Every structure is written in C-alpha cells, then in structure tokens.
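1. Please find the sequence and the predicted model below.
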Amino acid sequence: MSELVFLGIESSCDDSAAAIVTGEGRILSSVVAGQNSLHADFGGVVPEIAARAHAEKLDLCVEQALAQAGLGLADLDGVAVTAGPGLIGGVMAGVMLAKGIAAGTGLPLVGVNHLAGHALTPRLTDGIGFPYVMLLVSGGHCQFLRVEDPQSFTRLGGTIDDAPGEAFDKLARLLGLPQPGGPSVEAEAAQGDPDRFDLPRPLLDRPGFDMSFSGLKTAALRQRDALVAAQGGLFQRDRADLCAGFQAAVSDLLAGKAARVLAAHPVPVLAVAGGVAANRTIRAALEAVAEQAGARFLAPPLALCTDNGAMIAWAGIERFRQGARDDLSLMARPRWPLDQSAAPMLGAGKRGAKA
C-alpha cells in the first residue's frame, strides 16, 4: 500500500496554516500566515478580524503548501481540518474550505480536535508509543493529559482560570510590551532578576493537579502600581525584573504540578506542546522534572509548538487509520473537550470555560 499523504488545515485562532504530511511522519511542506500586525493595535486577537483574514488567506496557504510539496490535489489521500475548539469564525473558515476541497475532489474529510493536534505532535516528531503524559500549554488552554491512543485522552488537571499564554499576554499589556506577550516577556526576562519581587505560586501548596494563573497576574499588577506610585513610573530594570519574576513563577507552577503528575501517573514520556512550550525557561524546568522522574522529555521544534497545519494533518492521519471519516455535515465547534467524561473546569479565559 502506498504511503498516505494528507493536507492539514488549521485556523482556530490567529494563524492561517496548511501543510502536507505523510503517514510516515514526513512533513513535505508547512505554511503559516500570521496575523500579528492585524491585531497589534488592539492588544489581543479580535475574532472578527481574524475570521476575515482566514477567509482571505487559507486558500493561498493551501496553494503554497501544495506547491512546496510538489504535489497537486490529485496526489492527496485525504483532507484534515481543525473543526474546533477555537474562535468560531476562524474555525468555520477552515471547515468550509476543507469541505469544498473534499466535495470537489472526492477526497475523504477528517475533522480534527485542535487540542488533539497538539497532543499527538510527539508521535509526528518522535514516533513515540502510548501511553504518555502531555502538558498542553498555550494562550487558550492549559491541561495535563494522559494520552492512551489517538482518540483517547484523560484530563488529569488543568487551569481553573487563565491559561499561561493568556497571562503572559495580560502582563505584556500591563507593562506596555508588544503582543503576543509570551515572546516579549521572555525577551525582557532575559535581562531581569527573577528574585526581586515576591510573586505567588497559586495552588502549588494544595494537592491535585489543577493550576491557577489569574492571581499571579494580579500580583504583578499590584507590584507595577506600587512602583509607579513610589517613583512616578517604571524603569527598564523594573520591567525586566517583573517579567523575570513572572516567568519564574509560571515555570515553578508548571514544573511543580508536572512532578506531582508524574509521581502519581508514571509513564515513559513527559511531552509538552502549545505556544508556551516555546519558552526556554519553562522547557528547562520541565526537562529537569522529567529527568528526576526517570521519564523522557519531549518538546516539539519551535515551529510545531505554535498552531500549524502539520499537527492537524498528522492527527487526521491517526484518526483516518482508525476508520474515522466525516461528511459534509461536519460542523465547526467553539467548544470541544478532549476528555468527554471529565467535568468542565471552573473559570474562563479568552476562549471561554476551560474544558
């Protein structure tokens, strides 16, 4: 049997992406059209602007992905598309494009959970087996998952309020740093003293695997306001030290909870994915935790940490091999928890209740 070749389409937030991936895990092409410049003046992603940009760019991304791979639509074996969760306008743009391609070519259509794309990335990059623990940590999500097979995920814990990426974005806005906040805060933190400010580690002293980041953001706000009141403004050193302290607190929270998860659920691999997984300080802390627990640590290449079409194509291949097929009734879903049996998490972030 010839090797499977899938097109993957991703549009859940503010990146329009398409990729061509094979069943052996070869990424033949990956195209991402970002929208940072469109949202820069608003301090965050504007859903209506994002949806319009997806509608304008997604077909071009698909054309470029096919051209880079040296393939045409006739060379594909299927189309995988993010069907949720995410900003509904963007998800709809991707789903409608995928439906159009499937209808026009007769190719099989596979709807993919965006979170499953992240969670299965270590199998694309490193070919690992099941089970493993995945820390999915991004702008809209933060949860520990035990991954049992391509369609079986157990949520072990998650954030009860803000996701870490969302907290980084909010800190950046507080300090006048550009968006997205994660890279801006990390760059500033490299010049700062992480021990200058006494910032909290919420829920780290409590049992369980759930996390909280809202109180940490509020503590940073109070430190900023105290500095402004005392000296009439913020100096560059103040900003760098606040960023370093905030980053250290997030790193301690994630590493502390990861150590607890691995102690209770021993597995051969601790993997991390999502945009915040690109943070080098957080990666180093999680790698140390995995080593102490006797587990292998896996983090995807930086280009596969953030949203991309390759992870969607691969997740589609995994589902396709298990017999999953969708038809033209496939719907875009703003909410789609991976663990259908778990109770919804308390709290909300920019994408709604954490589930």
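-> Received, thanks.
2. can we go C-alpha only for contacts and neighbour counts from here?
-> Will do.
3. what about the residue lying closest to residue 128 once chain neighbours are set aside, which helix or strand?
-> Spatial nearest neighbour of residue 128, chain neighbours left out: residue 122 (6.6 Å); criterion: C-alpha to C-alpha, 6 or more residues apart in numbering. Residue 122 belongs to helix 121-126 when assigned by DSSP states H and E.
4. packing partners for the helix or strand that that helix is followed by?
-> As assigned by DSSP H and E, the chain's next helix or strand after helix 121-126 is strand 132-137. For strand 132-137, the elements it packs on are helix 114-119, strand 142-149, strand 269-273, judged by 3 or more C-alpha pairs under 8 Å, 6 or more residues apart in numbering; DSSP states H and E.
5. redo that, cut-off 6 Å
-> Counting contacts by 3 or more C-alpha pairs under 6 Å, 6 or more residues apart in numbering; DSSP states H and E, strand 132-137 packs against strand 142-149, strand 269-273.
6. got the angle for it vs strand 142-149?
-> If you take axes from the mean of the first three to the mean of the last three C-alpha atoms, to 10 degrees, strand 132-137 sits at 150 degrees to strand 142-149.
7. Return the list of strands paired to strand 132-137, each annotated with direction.
-> Looking at strand 132-137 with DSSP bridges, its partner strands are strand 142-149 (antiparallel), strand 269-273 (parallel).
8. Tell me where the stretch 101-250 of the chain has helices.
-> Using DSSP state H, counting those that start in this stretch, the helices of the stretch 101-250 of the chain run over 114-119, 121-126, 164-175, 181-189, 214-231, 236-264.
9. Of all those, which one is nearest residue 290?
-> Nearest of those to residue 290, taken as C-alpha to C-alpha: helix 236-264 at 7.5 Å.
10. If you count neighbours, what's buried in that closest one?
-> By neighbour count with 16 or more other C-alpha atoms under 10 Å, helix 236-264 contains the buried residues 238-262.
11. Give me the neighbour count for the residue nearest to residue 103 when sequence neighbours are not counted.
-> Distance criterion C-alpha to C-alpha, 6+ apart; nearest residue to residue 103, sequence neighbours excluded, is residue 328 at 7.8 Å. Per other C-alpha atoms under 10 Å, the neighbour tally for residue 328 reads 13.
12. remind me which residues of the stretch 101-250 of the chain are low pLDDT?
-> For the stretch 101-250 of the chain, applying pLDDT under 70 flags no range at all.
13. Let me have the helices of the stretch 101-250 of the chain in TSV, extended by distance to residue 51.
-> Below are these laid out as TSV (distance: least, C-alpha to C-alpha, whole Å):
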stretch	distance to residue 51
helix 114-119	16
helix 121-126	25
helix 164-175	20
helix 181-189	21
helix 214-231	28
helix 236-264	31
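14. rewinding a little: figure out which of the helices and strands packed on strand 132-137 is closest to residue 37.
-> strand 269-273 (24.5 Å).
15. Name the surrounding residues that touch that closest one.
-> Applying C-alpha atoms under 6 Å, 6 or more residues apart in numbering, the contact partners of strand 269-273 are 118, 132, 133, 134, 135, 136, 295, 296, 297, 298, 299, 305.
16. Would you mind naming the residues that bridge with the third one?
-> Read it as residue 133. In this structure, residue 133 bridges to residue 146, residue 270 when assessed by DSSP bridges.
17. got the contact list for it?
-> Residue 133 makes contact with 145, 146, 270 under the criterion C-alpha under 6 Å, 6+ apart.
18. Kindly recompute the last result at 8 Å.
-> 144, 145, 146, 147, 267, 269, 270, 271 (C-alpha atoms under 8 Å, 6 or more residues apart in numbering).
19. Please report how far it lies from residue 298.
-> 10 Å (C-alpha to C-alpha, to the nearest Å).
20. hmm, back to that, can you put the strands paired with strand 132-137 in a markdown table and add mean neighbour count and distance to residue 100?
-> Output for the strands paired with strand 132-137, formatted as a markdown table (neighbours: other C-alpha atoms under 10 Å; distance: least, C-alpha to C-alpha, whole Å):
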| stretch | mean neighbour count | distance to residue 100 |
| --- | --- | --- |
| strand 142-149 | 22 | 30 |
| strand 269-273 | 27 | 30 |
